[in-house]
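S.K.: coords please:
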Amino acid sequence: MKWTYSIQHKLAAAGLLFIVMLVVLFNNFNERDNSSKVSEAIQTIYADRLIAERYLFQYLQHAYLILDLLDTDPSEGAKATLQIGGILAKTKELNKAYLKTRLTELEALNFDRLVVDLISIETSLVNQDIESARQSAKDAIVQLEGLSEIQFKEAEKQMSLIQQINHSTAAHFQFEIAVLIIIGLLIQALVFASKSLNAHLQRQNSMYN
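M.R.: Modelled structure (predicted):
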């Protein structure tokens, strides 16, 4: 019944090769999933953080320019008010662009406050309340600084996620290599055992002849 051992070796080798295929397939699917997550995180950093930060910089320029215009000589008040009106019109366009980015709950809350401050500037100018307009402009700057900080923290989270995914990918790769080495050694041992068995059978057959 020595031939049964040969079959067992073949079945064991086939089973080990099947495990190799499963490990390779699992690792391949995992790498594709991780690659998709990394791509999404990078897209989020660019579209929802870097682009948003660019908008915030433009907002900030507008807010400081409004403050400068509010400090102009009263005799130039009408001209300054007209210029501020043009700036506020630009901020309304910025609002539409900014809302196209993905906002966190806190970010949405700060943005709503920013919009209220910008509207307050416009209302104060209509009522010729320069001091209130100035305070609203300062409040808008505070909101913009808060929004900018949110962009940094959210981008930092995405970078941390990318690092975690990279570490996970590296760990899976190391696991795959370790499994392949172990299975390779087991298959090699089966091959040598099979050769030894064949040699033994050949010696027995020659004795019978």
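S.K.: So, low pLDDT: which residues of the protein?
M.R.: Flagging of the chain using pLDDT under 70 yields the residue ranges 1-14, 16, 73-77, 189-209.
S.K.: can you give me the helices for it?
M.R.: Listed in chain order, the helices found in the chain under DSSP state H are 2-44, 51-70, 77-98, 105-126, 130-208.
S.K.: Make TSV from those and add mean neighbour count to it.
M.R.: From N, CA and C alone the C-beta is placed, and that goes for glycine too. What follows is the helices of the chain, written out as TSV (neighbours: other Cβ atoms under 10 Å):
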stretch	mean neighbour count
helix 2-44	13
helix 51-70	18
helix 77-98	14
helix 105-126	17
helix 130-208	14
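S.K.: So I121 versus Q143, what's the distance?
M.R.: I121 sits at a distance of 12 Å from Q143 (criterion: Cβ to Cβ, to the nearest Å).
S.K.: Could you pull up the contacting residues of V115?
M.R.: Residues in contact with V115, defined by Cβ atoms under 8 Å, 6 or more residues apart in numbering, are N95.
S.K.: separation between it and L144?
M.R.: 12 Å.
S.K.: Contact partners for the spatially most central residue of the chain?
M.R.: Central residue of the chain (Cα atoms, centre = their mean): A41, 1.7 Å from the mean position. By Cβ under 8 Å, 6+ apart, A41 lies in contact with 158-159, 161-162, 165.
S.K.: one more time with 7 Å
M.R.: Contacts for A41 (Cβ atoms under 7 Å, 6 or more residues apart in numbering) come out as 158, 161-162.
S.K.: Please tabulate the residues you listed in TSV, including the columns distance to L50.
M.R.: As requested, the contacts of A41 are arranged in TSV below (distance: Cβ to Cβ, whole Å):
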residue	distance to L50
Q158	11
L161	16
I162	15
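S.K.: so which of these comes closest to R32?
M.R.: I162 (15.9 Å; Cβ to Cβ).
S.K.: how about the closest one, what does it touch?
M.R.: Per Cβ under 7 Å, 6+ apart, neighbours of I162: 38, 41.
S.K.: now with 10 Å?
M.R.: When contacts are counted by Cβ atoms under 10 Å, 6 or more residues apart in numbering, I162 is found next to 34, 37-42, 45.
S.K.: And for I84?
M.R.: 62, 65-70, 121-122, 125, 133, 137.
S.K.: Same list, the residues you listed, but as JSON lines with distance to E154 please.
M.R.: As requested, the contacts of I84 are exported to JSON lines (distance: Cβ to Cβ, whole Å):
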{"residue": "H62", "distance to E154": "23"}
{"residue": "L65", "distance to E154": "27"}
{"residue": "I66", "distance to E154": "27"}
{"residue": "L67", "distance to E154": "28"}
{"residue": "D68", "distance to E154": "31"}
{"residue": "L69", "distance to E154": "33"}
{"residue": "L70", "distance to E154": "32"}
{"residue": "I121", "distance to E154": "27"}
{"residue": "E122", "distance to E154": "30"}
{"residue": "L125", "distance to E154": "34"}
{"residue": "A133", "distance to E154": "31"}
{"residue": "A137", "distance to E154": "26"}
